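Visitor: Fold the following.
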Amino acid sequence: MAADQEAGRDGDARAVPPPRVLRYRLKPLDALAWEHMQAAPTKKVRLGRMAPWIAVGLSYAVMMNLEVGVGIQIGVALAASVTAFVLAQYLLARDMQRRALLRVPAEVDMVCEAGGEADALTVWPEAAPDRAQVIPARAIRQIVTTPERLFLDAGEQVLILPHHAFVDEEDMKLFSARWRDAARNAPP
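Guide: Residues are numbered from 1 along each chain as shown. Okay, here's the model as predicted:
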């Protein structure tokens, strides 16, 4: 039990969680799930939401100058709105897929070493340990848990852990709670 404790500078002891190694396969679909979860709409998303309304306004303005019936004016405005909506959704989906593929271009076997005295997560592709990235607990801004994945958002870095990286759902919840506490209690 004494081996599990580390003496602090002021003489108190705190438990140091043992390092844990997770091995899992990361897929582009996992990164796409993260992109779908982004809370803050980007300029492109806001423009995509406004596109149908802009199309209605522009088409109606054009149609008012033509001598056509109200039914045709409404029909053209509706067609322009639907077309703008479909096109905006298509372009937004492509942009989301592009961002996901930049994050995870292909399936890759990953290793995540979590915890230990460093109180950080170290992640690397199994085939390229020299490309390791370290995410200190203090860098974690938010942790999002879904039934399929656990996301640890550290600003520019996002650690995506699929459910199959864990023994079961309870294990994933415990891991999430441990790192939520570590991030909250990490020194600045």
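
Visitor: what about the residue nearest to residue 161 when sequence neighbours are not counted, neighbour count?
Guide: Leaving out its chain neighbours, the residue that sits closest to residue 161 by C-beta to C-beta, 6 or more residues apart in numbering is residue 150, at 4.4 Å. No exception for glycine: its C-beta is placed from N, CA and C like everyone else's. As a burial measure, residue 150 scores 20 neighbours (other C-beta atoms under 10 Å).

Visitor: Identify the bridge partners of residue 150.
Guide: Residue 150 forms beta bridges with residue 145, residue 161, as assigned by DSSP bridges.

Visitor: Please tell me how far residue 170 sits from residue 163.
Guide: Distance, residue 170 to residue 163, by C-beta to C-beta, to the nearest Å: 12 Å.

Visitor: if you count what's nearby, which of the two comes out ahead?
Guide: residue 163 (16 against 9).

Visitor: circling back: isn't the residue nearest to residue 161 up against residue 172?
Guide: Yes - judged on C-beta atoms under 8 Å, residue 150 makes contact with residue 172 at a distance of 5.7 Å.

Visitor: Need the residues touching each of these two.
Guide: Both residue 150 and residue 172 are contacted by 161, 163, 166, under the criterion C-beta atoms under 8 Å, 6 or more residues apart in numbering.

Visitor: what helix or strand is the residue nearest to the last one when sequence neighbours are not counted on?
Guide: Right, the one you point to is residue 166. Among residues not flanking residue 166 along the chain, residue 172 sits closest, at 4.2 Å (C-beta to C-beta, 6+ apart). Assigned by DSSP states H and E, residue 172 belongs to helix 169-185.

Visitor: for that helix, the distance to its chain's centre please.
Guide: Centroid separation for helix 169-185 versus its chain: 17 Å, with C-alpha atoms, centre = their mean, to the nearest Å.

Visitor: do you know how far the closest residue to residue 138 other than its chain neighbours is from residue 164?
Guide: Leaving out its chain neighbours, the residue that sits closest to residue 138 by C-beta to C-beta, 6+ apart is residue 186, at 3.7 Å. As judged by C-beta to C-beta, residue 186 and residue 164 stand 28 Å apart.

Visitor: Next: residue 131.
Guide: The gap separating residue 131 from residue 164 is 22 Å, by C-beta to C-beta.
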